[in-house]
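Engineer: okay, here's the prediction I keep looking at, along with the sequence it came from:
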Amino acid sequence: MPSMTESEVFDKFAQIVAKSLRIDASQIAFDTHLTDLGAESLDLIEITMETETQFHIFLPDKSILETAVEVFGPGILEKDGYLTEEGKRFLLCRMPEADGRAFDGEVALKDLQHYFLRVGTWVRMVQGLAQYTPAECAFCGGPMGASMGFRMKCAQCGLEITLRSGEELNREWVREYYDKEYRTQAGAPVSATAAQ
Amino acid sequence: MNAFGSLVYDSSVVQARLPAGCPLVPWPESACCRLDAFPCEPDVLADLILSRGERDHWKSMRAVEKRRQEWLMGRCVAKEAVRSLLVRNLDLHVPLTEIDIVPDSYGRPLVSVAPGRAATVRERLRPSLSIAHSHGTAVALAVLDPGARVGIDLESLTRRREDFESIAFSPDERSLLAALAPELRREWALRMWCAKEAVGKALGRGLSAGLLAFHITRAVAPSGILEVQLRGGALNQFPQLQGKSLIVYTVRESNFVFSAIIYQHYQNGAVRMRPSRQEILEYLLHKMGELTQDWDYPDPVSAESKLFTELGFESLDAVVLCTAIQEHYQTPMPFAELLAEIGQQQRDLSIDELADFVDTHLGGPAGTSGATRRVQ
């Protein structure tokens, strides 16, 4: 669904959240945190699954920061549960819309969890991933519909494609950042892309 | 008797006022507490149990009422668990408002108890704690050993969506489920989920490394025991747990599934050399020096110094020292009995005798791993 606007994504996502948590959609705003709405871990799984089904996307199973820590190795982006300066630089680059002052002073990872559970953060993530879900068949231009698992099938010619996972896309983004933004500047020895 | 077999229901005096019935691992120095309904109005409860900092948090919480109330219930059971733990093991009575629970930078709850008279007590008690709440029920598990990792979780079986297996579990894990009788699968899927949560909490990072980073390798249906191994991101965080199986206990009780783990990191193979008696004595003298650095003794503290008559210890100071010793050696010792015994006999205790006591209770021959004392 490449053509969806942010507010269209928001409305649809808010419906999913409202249904899952059995609350009124009017309680949900861009700035609301899912945990403040009463979402527990299994609710988040439920919301994830419903969002994947309805938007034809494959959400990552961990935050961009966790993926980045796996690529960068320990102690670079976070140390003892706090973001390092390098970690702040990384997140600001990834989320240019974030208020720069949000990262002033010490930023604990537990507070970031809260940020990652903001409705607005999810909406942008969904919108970003939906770009990779074609509405039309690349081969014949026919309409694409959901198929088994994370696959899409053209209703006209039957062409099947596998959706790219959010985790995979995140990892690619992190590796590119590592090579272009971090490695050159920090003189890190091995390219993240080459190392994999 | 429940599905745990050897597990018992906790029935301490503290919990008699609360709906009891939380599964508890038969661990000598642990306490578990459960609450299914508010014992009074939430705001009244908040005033009764919260510390000043916690009360500010309670008042400024912007979350929906359900979330706020569960947070408060969580604090309530956590404090009750810590209180009953201290009463039973150290005969220490602490008001709930003085049990402070503050999340660390990763969000793991850290307990800090100042057992009164902060001026003379230089060490606070720091038992390990885990809290869980869901569907209007809260549970907490506290362990005296500050070095222990504890995790507890609960989930309700009354959930609408039952196909979460496809996202929460790997193909291997799903085949563990498929091997179970069909009528057990839904419950065991939830047990497996709760086991992952408990391990995530015990290690202090939650499930941030991803659901598949906590891999269930074994499910023992009659006992409720699940074995979990770390993978991927979780293993990067805890490389020392490579290839180790973490044991999680689970139990079903009416519509709830509970899980609990108590992990002491030297347990599963980490070799720890047992200190010699001389090393123990040196440590005790060093610790005493630290504890009493500005007490202005006329003579230096020696192995013969007697704690109460010569060094001016009061029972609370002894408790602090004993806790520090247990923390240092990461081994629970029957200090409560020792202190009760010398109280009854109205005699004193020298540092030398204390070294004998520690030496006896560390277990295992000197120079070998003391890790086998408390295997699961």
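Structural biologist: It's in.

Engineer: from here on, just use CA atoms for contacts and neighbour counts.
Structural biologist: Will do.

Engineer: show me where pLDDT drops low in chain B?
Structural biologist: Within chain B, the stretches with pLDDT under 70 are B:1-28, B:115-123, B:160-162, B:265-275, B:363-376.

Engineer: how about the strands of it, start to end?
Structural biologist: B:8-9, B:23-24, B:30-35, B:99-103, B:109-113, B:128-134, B:137-143, B:149-156, B:214-220, B:225-230, B:246-253, B:256-263 (DSSP state E).

Engineer: buried residues in stretch B:59-67?
Structural biologist: B:63, B:66-67 (16 or more other Cα atoms under 10 Å in any protein chain shown).

Engineer: of these, closest to chain A?
Structural biologist: Nearest to chain A among the buried residues of stretch B:59-67 is B:Ala63, at 4.0 Å by Cα to the nearest Cα.

Engineer: which pLDDT value belongs to the nearest residue to the closest one once chain neighbours are set aside?
Structural biologist: Distances taken as Cα to Cα, 6 or more residues apart in numbering or on different chains place A:Asp36 nearest to B:Ala63, at 4.0 Å, with adjacent residues excluded. pLDDT, A:Asp36: 91.

Engineer: got the contact list for A:Asp36?
Structural biologist: By Cα atoms under 8 Å, 6 or more residues apart in numbering or on different chains, the contact list for A:Asp36 reads B:62-64, B:67.

Engineer: tell me, how many residues neighbour the residue in the stretch 201-350 of chain B positioned nearest to chain A?
Structural biologist: In the stretch 201-350 of chain B, the residue that lies nearest chain A is B:Gly210 (5.1 Å; Cα to the nearest Cα). Neighbour count of B:Gly210, defined by other Cα atoms under 10 Å in any protein chain shown: 20.

Engineer: then the one 4 residues further on?
Structural biologist: For B:Phe214, the neighbour count with other Cα under 10 Å is 27.

Engineer: so who does the closest residue to it other than its chain neighbours touch?
Structural biologist: Using Cα to Cα, 6+ apart and skipping residues adjacent in sequence, the residue nearest B:Phe214 is B:Leu230, 5.0 Å away. Listed by Cα under 8 Å, 6+ apart, the contact partners of B:Leu230 are B:213-215, B:241-244.

Engineer: go again with 10 Å.
Structural biologist: B:196, B:199-200, B:209, B:212-217, B:236-239, B:241-246 (Cα atoms under 10 Å, 6 or more residues apart in numbering or on different chains).

Engineer: shaky segments in chain A?
Structural biologist: A:1-3, A:149, A:187-189, A:193-196.

Engineer: quick one, helices of it?
Structural biologist: Applying DSSP state H to chain A gives helices spanning A:6-21, A:41-55, A:64-72, A:85-94, A:109-116, A:119-130, A:166-177, A:184-186, A:192-195.

Engineer: could you report the separation of the one residue in chain A that gets nearest to chain B from B:Ala46?
Structural biologist: Closest contact between chain A and chain B, by Cα to the nearest Cα, is at A:Asp36 (4.0 Å). Going from A:Asp36 to B:Ala46 by Cα to Cα, to the nearest Å gives 19 Å.

Engineer: could you find the closest non-adjacent residue to A:Leu77?
Structural biologist: Nearest one to A:Leu77, counting by Cα to Cα, 6+ apart, is A:Gly87 at 3.9 Å.

Engineer: and that neighbour, how many neighbours?
Structural biologist: 21.

Engineer: enumerate every residue touching it.
Structural biologist: A:65, A:68-69, A:75-79, A:93, A:103, A:107.

Engineer: just the buried ones from those, in ChimeraX syntax?
Structural biologist: In ChimeraX syntax, the buried subset of the contacts of A:Gly87 is picked out as below (16+ other Cα under 10 Å):
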select /A:65,68,69,77,78,103,107
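
Engineer: picking up where we left off before, which stretch among the strands of chain B comes nearest B:Glu165?
Structural biologist: strand B:214-220 (12.7 Å; Cα to Cα).

Engineer: what about stretch B:33-47, near chain A?
Structural biologist: No - Stretch B:33-47 lies apart from chain A when judged by Cα under 10 Å from any Cα of the partner chain; the minimum separation is 16.9 Å.

Engineer: okay, that stretch in PDB with CA atoms only?
Structural biologist: Output of stretch B:33-47 as PDB, limited to C-alpha atoms (Å, rounded to 0.1, in the frame of the first residue of the first chain):
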ATOM      1  CA  CYS B  33       3.300 -12.700  46.800                       C
ATOM      2  CA  ARG B  34       0.100 -12.500  44.800                       C
ATOM      3  CA  LEU B  35      -2.800 -10.000  44.700                       C
ATOM      4  CA  ASP B  36      -6.000 -10.500  42.800                       C
ATOM      5  CA  ALA B  37      -8.000  -7.500  44.000                       C
ATOM      6  CA  PHE B  38      -7.400  -4.200  45.700                       C
ATOM      7  CA  PRO B  39      -7.500  -4.600  49.500                       C
ATOM      8  CA  CYS B  40      -8.700  -1.000  49.700                       C
ATOM      9  CA  GLU B  41      -9.100   2.100  47.500                       C
ATOM     10  CA  PRO B  42      -6.100   2.500  45.200                       C
ATOM     11  CA  ASP B  43      -5.300   6.000  46.400                       C
ATOM     12  CA  VAL B  44      -5.400   4.800  50.000                       C
ATOM     13  CA  LEU B  45      -3.200   1.900  49.200                       C
ATOM     14  CA  ALA B  46      -0.800   4.200  47.500                       C
ATOM     15  CA  ASP B  47      -0.500   6.300  50.600                       C
END
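
Engineer: which residues does the spatially most central residue of chain A contact?
Structural biologist: Centroid-nearest residue in chain A, with Cα atoms, centre = their mean: A:Met125, separated by 4.0 Å. By Cα under 10 Å, 6+ apart, the residues touching A:Met125 are A:59-60, A:119, A:166.

Engineer: tabulate the residues you listed (a markdown table), appending distance to B:Thr137 and neighbour count.
Structural biologist: Conversion of these to a markdown table gives the following (distance: Cα to Cα, whole Å; neighbours: other Cα atoms under 10 Å in any protein chain shown):
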| residue | distance to B:Thr137 | neighbour count |
| --- | --- | --- |
| A:Leu59 | 30 | 21 |
| A:Pro60 | 30 | 19 |
| A:Val119 | 26 | 22 |
| A:Gly166 | 34 | 22 |
